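> Take a look and give me a structure for this.
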Amino acid sequence: MASLESITVETPEPTAADFYGAALGLGTQVRVRRSEEPSGGFRGFLLGLVLRQPADVDEIIRGAVLAGATSVKPAARSLWGYGGVLAAPDGTIVTVASSSKKDSVAVSTDVEEVVLQLGVADVAASKRFYAERGFAVGKSYGRRYVEFDTRPISFTLNRRADLAKTAGVPADGSGSHRLLIGGDGDPFTDPDGYAWRPPMPPAPSS
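Residues are numbered from 1 along each chain as shown. Model (predicted):
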């Protein structure tokens, strides 16, 4: 079964390389590298963090903003739970959410699940593309949404416009996704231009 082991975000000025480890606790899962590839508007993906309860969501968001993130959508209750949206210092959009609407235990910043949410032009076609490459489908809702079981990081396929609406940003965008997805197996690029490569080694500690 195919797996997703790490995510590398690209930026012309990777001055926030420590943000994902220090503020979000994702040092082994999300990395940053320098890239001059042009990119504008919505980059087509969201990084999703799932936590246990609303208080945990608030704590992660508070720490992230102090570390340089920008609030895109303030945390609030909804039909599906509680959550908000941030823009990381490099511009990556991050959703922070919990399916719970009530606090039940002591506050923790431990992330229970990391999900890479990819916006695509044709969900059904992309589902077939990934299934043919050994990716195991966990959930599927027609042409709107597909979830793959690729632990330690799972990923989903979503209609690009729907994903932008979730983030609260315009769907327009062009250029590089500024994203490298670290998976096992041979490198490939999917129909929407998302590049999969063998996981990059972590940057050496200073």
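> So residue 139 sits against residue 145, correct?
Yes. At 7.4 Å, residue 139 counts as touching residue 145 under the criterion of C-beta atoms under 8 Å. Using the backbone N, CA and C atoms, a C-beta is placed for each residue, glycine as well.
> Could you give the bridge partners of the residue nearest the centre of the chain?
Residue closest to the average C-alpha location in the chain (C-alpha atoms, centre = their mean): residue 47, at 1.5 Å. Here residue 47 sits in beta bridges with residue 94, residue 116, as judged by DSSP bridges.
> where do the helices sit along the protein?
Under the criterion DSSP state H, helices of the chain are mapped to 19-22, 54-66, 123-131, 160-167.
> can I get those in a markdown table with distance to residue 81?
Shown next, in a markdown table, are the helices of the chain (distance: least, C-beta to C-beta, whole Å):
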| stretch | distance to residue 81 |
| --- | --- |
| helix 19-22 | 23 |
| helix 54-66 | 8 |
| helix 123-131 | 23 |
| helix 160-167 | 13 |
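> Identify each buried residue in stretch 127-140, please.
Within stretch 127-140, the residues scored as buried using 16 or more other C-beta atoms under 10 Å are 127, 129, 130, 135, 140.
> Pretty sure the residue nearest to the centre of the chain sits against residue 116.
Yes. The criterion here is C-beta under 8 Å, and residue 47 meets it with residue 116 at 6.4 Å.
> wait, residue 59 sits on residue 110?
No. Contact criterion C-beta under 8 Å: residue 59 and residue 110 do not qualify, at 10.4 Å.
> Between these two, point out the one with more neighbours.
Counted by other C-beta atoms under 10 Å, residue 59 and residue 110 do not tie: residue 59 has more neighbours, with 16 against 9.
> Give me the pLDDT for the more buried one.
The score at residue 59 is 97. That number is its pLDDT.
> Distance of it relative to residue 108?
8 Å (C-beta to C-beta, to the nearest Å).
> Repeat that for residue 42.
From residue 42 across to residue 108, the span is 31 Å (C-beta to C-beta).
> and these two? which has more neighbours close in?
Between residue 42 and residue 108, residue 42 has the larger neighbour count (other C-beta under 10 Å), namely 21 against 14.
> which ones are touching that one?
Contacts for residue 42 (C-beta atoms under 8 Å, 6 or more residues apart in numbering) come out as 93, 119, 160, 164, 167, 169, 170, 171, 172, 173.
> likewise residue 171?
Taking C-beta under 8 Å, 6+ apart, one finds 42, 119, 160, 161, 163, 164, 165 in contact with residue 171.
> Under the pLDDT cut-off, which ranges of this protein? List them.
For the chain, the stretches flagged by pLDDT under 70 are 1, 16, 200-206.
> how does it look with 50?
Residues of the chain meeting the criterion pLDDT under 50: 204-206.
> now the closest residue in space to residue 117 that isn't next to it in sequence: how far from residue 164?
Once flanking residues are discounted, residue 117 sits nearest to residue 46: 4.2 Å by C-beta to C-beta, 6 or more residues apart in numbering. Distance, residue 46 to residue 164, by C-beta to C-beta: 9 Å.
> Cool, thanks, signing off.
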